[in-house]
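**Student:** quick one, what's the 3D model for this:
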Amino acid sequence: MRSIVINKELLSPRIPLMRNQAVIGLCVFILGVWVAWQLGDKIVSNDLNSVALAAVGFVGFAVAIKILRDWRLGFYSFLIWLLFEDLVRKYLGNNMAIYFAKDVLVGLTYIALFVDIRRGRAATFRPPFRLFLYLFLWLAMVQIFNSNSPSIIYGLMGVKIYFFYVPLMFVSYALIRNDEDLRKFLAVNAVLAGVISSLGIAQAILGHSFLNPTTLAPELKELGALDKVTPLTNQILTLPTAVFVSTGRFAYYLIVAAIVVMGSAGYLLLYTKRSRKLVYVAFGLVLGASLFSGSRGAVVYVAASALVLAVGFLWGAPWKWRQAHRMVKAIRRSFIVAGLGLAALLLLFPDQAGSRLAFYIETLSPSSSAYEAHNRAWEYPLLNLELALTNQNWVLGNGTGTASLGGQYVAKLTGARPINVWVEEGYGLLVIEMGILAPFLWLLWTGALLITGWRVLQGLRETRLFPIGLAILWYAFLLLYPLTFGGMVPYQNFVTNAYLWLLVGILFRLPVLLTQEPNPAIAGSREGASRGGLQF
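**Tutor:** Numbers count the residues shown, from 1 in each chain. Below is the predicted model:
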């Protein structure tokens with residue numbers, strides 16, 4: 001009898017647990033039946049968009065659970081979704097739930113990283129330019145409550161556009177623990193750039209029917225199904241969007257992709273043989289996509305970046321370590337791959353490539369009667385800046401977000417009238433939104449970022465990390481100054497904005513990697529290094 005009592009005592013704690021498991025199992029079964037019923041109803045009614053949304057939501061929920069356990073997985077999930085979100089959104093009718101999915105992913109990544117930092121399992125970062133960035137943030141927050149703003153929702157959306165991806169610099173700083181982490185990130189980035197560039201080239205050749213649904217949402221059709229006509233020869237060229245909803249977003253992505261991939265080539269040639277061929281192929285594809293993009297901005301900025309980085313790589317090459325010949329190799333191979341890729345495209349698709357070359361020559365050559373470069377690069381932005389200063393609220397502004405991207409969605413959501421005041425020039429748009437103080441605070445924090453970044457770069461000279469550091473700093477300069485002068489859209493674009501902040505975190509992490517492995521060039525043979533100079 002005693003043994004029976006003991007057994008009952010041992011079993012009694014398990015009974016509530018077994019009952020709870022049974023209840024949970026029953027609830028899961030009922031939920032599964034309900035989901036199956038709903039999906040069956042949607043399939044019968046041919047509502048495939050809802051089925052697709054449900055599938056995306058289910059996958060997203062599973063990924064969210066994984067992210068909370070591993071924020072590094074969350075970072076890469078966010079990066080991939082960031083670049084391919086538009087493709088899903090095009091086929092699901094521009095659903096706004098899809099648009100905010102990337103923000104949920106990165107938000108969960110922030111939370112998971114914060115938990116790891118509190119537990120001492122991730123590195124922390126104190127940006128040296130933070131004081132000036134916080135001043136600009138303070139102004140933007142105050143301007144949410146501007147009495148000239150139609151709705152506070154405009155301000156909340158504007159703050160999200162300007163600052164939501166700023167914490168990515170803390171994520172990327174903690175992500176890159178050593179050279180291998182950096183190599184993996186650059187390799188993943190090169191693969192994504194190569195895939196997207198290939199799809200863009202294919203769409204430029206095959207037309208808008210490729211990578212686009214039969215019927216685009218009305219607000220996307222004006223962005224994603226555009227053609228251009230050369231002004232003198234009247235040749236028609238298709239403007240590709242690749243995986244994005246607009247040709248402009250594709251063009252901006254090509255600029256950052258070309259810069260980062262070229263920096264990756266220089267870094268890998270000094271560090272390791274792994275992933276080199278992948279990066280060279282990606283670089284050739286990005287240059288080919290830039291040619292086929294039909295975007296003069298992409299062509300000009302990619303070409304200028306290639307020249308600046310080539311000269312900069314030679315300036316910062318490890319001469320005293322007798323490894324400069326490797327940097328010359330990187331530059332030479334990059335240009336050879338680029339030349340071969342462009343030549344192949346010209347030979348295989350002479351009509352499509354020829355129409356684009358004609359457009360660039362006719363509009364960018366000073367000797368052409370259709371020359372537009374000076375007007376678009378200088379006169380037109382200055383005219384827009386003057387228009388901004390004639391706005392009646394130029395001193396105090398109209399409120400954060402009132403002239404930013406996505407204003408049409410806020411107006412549709414709130415029913416509040418838009419202010420219908422907008423200029424294309426970036427500093428002028430800041431005046432319209434946040435008043436005359438905004439451009440000066442913008443110049444203050446961006447200048448602080450570049451100055452402190454330059455100090456980091458000087459410490460990386462003659463090391464393996466200099467090429468990627470120079471590429472990051474060059475991209476930050478392009479985005480925050482020339483591209484912003486042309487318009488605030490490049491900075492507000494979520495792709496280029498996210499890349500800015502994640503690359504900034506990597507830039508300030510590079511000195512730590514250098515202390516771990518101070519040798520500036522560990523790849524290649526000792527015999528080649530001993531010859532030194534420009535030996536090949």
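
**Student:** stretch 425-439: how far from the chain's middle?
**Tutor:** 24 Å (Cα atoms, centre = their mean, to the nearest Å).

**Student:** ugh, wrong one, stretch 360-378
**Tutor:** For stretch 360-378, the distance to the chain centre is 29 Å (Cα atoms, centre = their mean).

**Student:** any chance you could list what contacts that stretch?
**Tutor:** 230-233, 296, 299-300, 486 (Cβ atoms under 8 Å, 6 or more residues apart in numbering). For glycine as for every other residue, the C-beta is placed from the backbone atoms N, C-alpha and C.

**Student:** which one (most neighbours) among these?
**Tutor:** residue 299 (22 neighbours; other Cβ atoms under 10 Å).

**Student:** check contacts around it.
**Tutor:** Going by Cβ under 8 Å, 6+ apart, residue 299 touches 290-291, 293, 360.

**Student:** tell me which of those fall in helices.
**Tutor:** 290-291, 360 (DSSP state H).

**Student:** make JSON lines from those and add distance to residue 111 to it.
**Tutor:** JSON lines is the format used below for the ones in helices among the contacts of residue 299 (distance: Cβ to Cβ, whole Å):
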{"residue": "290", "distance to residue 111": "37"}
{"residue": "291", "distance to residue 111": "42"}
{"residue": "360", "distance to residue 111": "46"}
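
**Student:** which residues of the stretch 401-536 of the chain fall in helices?
**Tutor:** 407-414, 426-434, 437-459, 466-480, 482-486, 489-492, 494-516, 526-531 (DSSP state H, counting those that start in this stretch).

**Student:** now the angle from the fourth one to helix 426-434?
**Tutor:** In other words, helix 466-480. Orientation check (axes from the mean of the first three to the mean of the last three Cα atoms, to 10 degrees): helix 466-480 against helix 426-434 gives 60 degrees.

**Student:** if we can go back for a sec, just the ones in helices among the contacts of residue 299 now: which is nearest residue 318?
**Tutor:** Nearest to residue 318 among those, counting by Cβ to Cβ, is residue 290 at 29.8 Å.

**Student:** near that closest one, how many other residues are there?
**Tutor:** With other Cβ under 10 Å as criterion, residue 290 counts 30.

**Student:** does it touch residue 302 like I think?
**Tutor:** Yes - at 4.6 Å, residue 290 counts as touching residue 302 under the criterion of Cβ atoms under 8 Å.

**Student:** give me the residues contacting stretch 392-400.
**Tutor:** Under Cβ under 8 Å, 6+ apart, the answer for stretch 392-400 is 140-141, 143-146, 148-149, 154-155, 158-159, 162, 388, 391, 419, 421, 431-436, 438.

**Student:** do stretch 280-290 as well
**Tutor:** Outside stretch 280-290, the residues that touch it by Cβ under 8 Å, 6+ apart are 190-191, 193-194, 196-198, 200-201, 240, 242, 254, 257-258, 261-262, 265, 298-299, 302, 306, 333-334, 337-338, 340-342, 345.

**Student:** now do stretch 428-435
**Tutor:** With Cβ under 8 Å, 6+ apart as the test, stretch 428-435 has contacts from 139-140, 143, 158, 384-389, 391, 393-404, 421-423, 438-439, 442, 487-488.

**Student:** filter those residues down to the buried ones, ChimeraX style.
**Tutor:** Selection of buried members from these for ChimeraX, criterion 16 or more other Cβ atoms under 10 Å:
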select :139,140,143,158,384,385,387,388,391,393,397,398,399,400,401,402,403,404,421,422,423,438,439,442,487,488
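
**Student:** and stretch 500-515, how far from the chain's centre?
**Tutor:** 17 Å.

**Student:** I'd like the average pLDDT over it.
**Tutor:** Averaged across stretch 500-515, the pLDDT comes to 96.

**Student:** skip the chain neighbours and tell me the closest residue to residue 216.
**Tutor:** residue 224 (5.7 Å; Cβ to Cβ, 6 or more residues apart in numbering).

**Student:** returning to that earlier point: out of the contacts of stretch 280-290, which are inside helices?
**Tutor:** Per DSSP H, these map to helices at 190-191, 193-194, 196-198, 200-201, 254, 257-258, 261-262, 265, 298-299, 302, 306, 333-334, 337-338, 340-342, 345.

**Student:** for stretch 133-150, measure first residue to last.
**Tutor:** 26 Å (Cα to Cα, to the nearest Å).

**Student:** buried residues, it. List them.
**Tutor:** Buried-residue list, stretch 133-150, by 16+ other Cβ under 10 Å: 133, 135-137, 139-140, 143-144, 146, 148-150.

**Student:** now flag whichever of those is closest to residue 494.
**Tutor:** residue 140 (16.8 Å).

**Student:** tell me if I'm right that that closest one and residue 162 touch.
**Tutor:** Yes - with contact defined as Cβ under 8 Å, residue 140 and residue 162 form a contacting pair (5.9 Å).

**Student:** list the contacts for residue 335?
**Tutor:** Residue 335 neighbours (Cβ under 8 Å, 6+ apart): 306, 310.

**Student:** try it again at 10 Å.
**Tutor:** Taking Cβ atoms under 10 Å, 6 or more residues apart in numbering, we find residue 335 in contact with 283, 287, 306, 310.

**Student:** where does pLDDT dip in this structure?
**Tutor:** 1-63, 319-327, 329-330, 416, 418, 519-536 (pLDDT under 70).

**Student:** residue 489: neighbour count?
**Tutor:** 18.

**Student:** let me fix that: residue 266
**Tutor:** 30.

**Student:** next up, the contacts around it.
**Tutor:** 279, 309-310, 312-313, 316-317, 326-327, 329-331, 334, 464-471 are the contacts of residue 266 under Cβ under 10 Å, 6+ apart.

**Student:** of these, select the buried ones using a ChimeraX command.
**Tutor:** This is the ChimeraX syntax for the buried subset of the contacts of residue 266, where burial follows 16+ other Cβ under 10 Å:
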select :279,309,310,312,313,316,317,326,327,329,330,331,334,464,465,466,467,468,469,470,471
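
**Student:** follow-up on the earlier one: would you mind finding the most buried of the helices of the stretch 401-536 of the chain?
**Tutor:** helix 426-434 (a mean of 26; mean count of other Cβ atoms under 10 Å).

**Student:** now the angle from that helix to helix 437-459?
**Tutor:** Using the same axes, to 10 degrees: helix 426-434 against helix 437-459 is 130 degrees.

**Student:** am I right that residue 498 is in contact with residue 79?
**Tutor:** Yes - in this structure, residue 498 is within contact of residue 79 by Cβ atoms under 10 Å, at 8.0 Å.

**Student:** quick one, strands of the stretch 201-350 of the chain?
**Tutor:** 227-229, 236-238 (DSSP state E, counting those that start in this stretch).

**Student:** is it possible to get TSV of these that adds mean neighbour count and distance to residue 172?
**Tutor:** Below are these laid out as TSV (neighbours: other Cβ atoms under 10 Å; distance: least, Cβ to Cβ, whole Å):
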stretch	mean neighbour count	distance to residue 172
strand 227-229	13	36
strand 236-238	18	35
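
**Student:** with residue 98 as the reference, name the closest of the ones you listed.
**Tutor:** Comparing these by Cβ to Cβ, strand 236-238 comes nearest, at 25.2 Å.

**Student:** how far out from the middle of the chain is that closest one?
**Tutor:** On Cα atoms, centre = their mean, the centre of strand 236-238 falls 26 Å from that of its chain.

**Student:** what helices or strands is it leaning on?
**Tutor:** helix 179-206, strand 227-229, helix 350-364 (3 or more Cβ pairs under 10 Å, 6 or more residues apart in numbering; DSSP states H and E).

**Student:** and the strands in the stretch 1-150 of the chain?
**Tutor:** Under DSSP E, counting those that start in this stretch, the stretch 1-150 of the chain gives no strands.

**Student:** perfect, I'm done here.
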